[in-house]
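**Student:** structure of the sequence below:
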Amino acid sequence: MEAIELFKEERLKVIEHREKSKAAKKPLPLPKMHPILEALGKVSPTRYVLDVIKKVRSSELEEALLVLPFHYVEDLLKLLDVFLSLEWESELTCRCLLFLLRIHHGQITSNQVLLPVIDRLRGHISSTVGNMRDTIGFNMAALKFLQSEIETKKEVTFFTDATDKFQEAGRKRKQTRKRKGVALLTL
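**Tutor:** Residues are numbered from 1 along each chain as shown. Predicted coordinates for the structure are as follows:
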């Protein structure tokens, strides 16, 4: 919640600075950043919120999102849209987004202000997930190709194949023992 508040404060500072610059018709010096953002290496407020979310343990993330008041959820959904459009931590962002949609579905769909945000999120999430699928598929194909190349060059099977063959041989041995035992009993 503090990170979202800090983001809102910094966003208001930037908006006020733009308005003052327009009124003065000349560029004014930028307002001073929040001390936390300066301490972190002048990181942007948007990036700061993402960093705070990343620091939450995976096991506690859903609980943290569950206790978040709805007016913070509105701001967080807008930030998640920015994260997805910039493709920052897509997996974490999608996880947060889907959990928030599951929990606050009724409030989100009845809120007219959030409907355009949800439409943008839908587009961003489908393209982001599509890109991730393509990347994973490409990497899997490359790994299978490398596996087959190594197997043909060295005539060695990988561990999964070797264990499968070992287990298959064990099953065959057990079956032959059973057959021999049944054959002896019938004699």
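**Student:** residue closest to the middle of this protein?
**Tutor:** Taking C-alpha atoms, centre = their mean, the centroid of the chain lies closest to Glu91, which sits 1.2 Å from it.
**Student:** contacting residues around it?
**Tutor:** Taking C-beta atoms under 8 Å, 6 or more residues apart in numbering as the criterion, Glu91 is in contact with Met132. The C-beta positions use only the backbone N, C-alpha and C, and glycine is treated the same way.
**Student:** that one and Tyr48, how far apart?
**Tutor:** According to C-beta to C-beta, to the nearest Å, Glu91 stands 19 Å off from Tyr48.
**Student:** and for Leu114?
**Tutor:** 23 Å.
**Student:** one more: Gln147?
**Tutor:** When Gln147 is compared with Tyr48 (using C-beta to C-beta), they lie 42 Å apart.
**Student:** what is the strand or helix carrying Asp134 packed up against?
**Tutor:** Assigned by DSSP states H and E, Asp134 falls within helix 115-154. In terms of contact count using 3 or more C-beta pairs under 8 Å, 6 or more residues apart in numbering; DSSP states H and E, helix 115-154 is assigned the packing partners helix 70-86, helix 90-103, helix 105-110.
**Student:** doesn't Pro69 make contact with Leu76?
**Tutor:** No: judged on C-beta atoms under 8 Å, Leu76 makes no contact with Pro69 at a distance of 10.4 Å.
**Student:** which of these two has more neighbours?
**Tutor:** Leu76 (22 against 8; other C-beta atoms under 10 Å).
**Student:** who are the contact partners of that one?
**Tutor:** Ile4, Val49, Leu68, Cys96, Leu100.
**Student:** do the same with Ile53
**Tutor:** Contacts for Ile53 were tallied using C-beta under 8 Å, 6+ apart; they are Ala3, Leu61, Glu89, Leu92, Cys96.
**Student:** relative to Leu92, how far out is it?
**Tutor:** Taking C-beta to C-beta, one finds Ile53 at 7 Å from Leu92.
**Student:** what does Ser44 give?
**Tutor:** In terms of C-beta to C-beta, Ser44 sits 17 Å off from Leu92.
**Student:** who has more neighbours, those two?
**Tutor:** Shown here are Ser44 and Leu92; by other C-beta under 10 Å, Leu92 has more neighbours (17 against 13).
**Student:** wait, doesn't that one sit right on Val56?
**Tutor:** No: contact between Leu92 and Val56 fails when scored by C-beta under 8 Å: they sit 9.4 Å apart.
**Student:** sorry, back to before: how far off centre is the helix holding Asp134?
**Tutor:** 14 Å (C-alpha atoms, centre = their mean, to the nearest Å).
**Student:** what's the answer for stretch 165-179, then?
**Tutor:** Per C-alpha atoms, centre = their mean, the centroid offset for stretch 165-179 relative to its chain is 44 Å.
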